[in-house]
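>>> curious how this folds, go ahead:
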Amino acid sequence: MMSIIGTIVVGFIVGLIARALKPGDDRMGLIMTTLLGVAGAFIARYVGVAMGWYQQEEAAGWIASVIGAVVLLFIYGMLRGRSRDRP
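Numbers count the residues shown, from 1 in each chain. All right, here's what the predicted structure looks like:
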């Protein structure tokens, strides 16, 4: 149970940092910010294991997690921009 709560707290912090670093207006609530941070950490871990930077059971670092979350924010912004352009 504590690892789930820890993951949520870290995900929230990573999501907040990513939103602060990426320019632009990303309107999302606390839950989406937390999910963004958690997903960014998972992506960073996956890429890190694939590139040989992390071992299989090793967690991604803070910087890698924030970078993963910023990448997700850019993708989210592009997809959201496309859906607004369509009639």
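
>>> just checking, which helix or strand of this protein averages the lowest pLDDT?
In the chain, no helix or strand scores lower on mean pLDDT, DSSP states H and E than helix 62-85, which sits at a mean of 80.

>>> what sits up against that helix?
Helix 62-85 is contacted by residues 10, 14-15, 17-19, 21-22, 24, 26, 36-37, 39-45, 47-48, 53, 60 when judged by CB atoms under 8 Å, 6 or more residues apart in numbering. In short, each C-beta sits where N, CA and C put it, glycine included.

>>> are any of those residues buried, and which?
10, 14-15, 17-19, 22, 26, 36-37, 39-45, 47-48, 60 (16 or more other CB atoms under 10 Å).

>>> mind checking which of these land in helices?
Cross-referencing the buried ones among the contacts of helix 62-85 against helices under DSSP state H gives 10, 14-15, 17-19, 36-37, 39-45, 47-48.

>>> just give the nearest non-adjacent residue to A18, would you?
A69 (3.5 Å; CB to CB, 6 or more residues apart in numbering).

>>> count of neighbours near the one you found?
28 (other CB atoms under 10 Å).

>>> related to what we said a few turns ago, list the buried residues of the least confident helix or strand of the chain.
Neighbour counts over helix 62-85 (16+ other CB under 10 Å) mark 64-73 as buried.

>>> for S3, state which of these is nearest.
Taking CB to CB as the measure, S3 lies nearest S65 of the buried residues of helix 62-85, at 15.6 Å.

>>> can you tell me how far the nearest residue to the closest one once chain neighbours are set aside is from I13?
In space, and not counting its chain neighbours, S65 is closest to A41: 4.0 Å by CB to CB, 6+ apart. In this view, A41 and I13 are 10 Å apart by CB to CB, to the nearest Å.

>>> ok, the residue nearest to S65 touching A59?
Yes. Using CB atoms under 8 Å, A41 is in contact with A59, at 7.5 Å.

>>> phi and psi next, for G24.
phi 110, psi 170 (degrees, to the nearest 10).

>>> identify the residue nearest it in space, chain neighbours excluded?
Spatial nearest neighbour of G24, excluding adjacent residues (CB to CB, 6+ apart): G77 at 6.3 Å.
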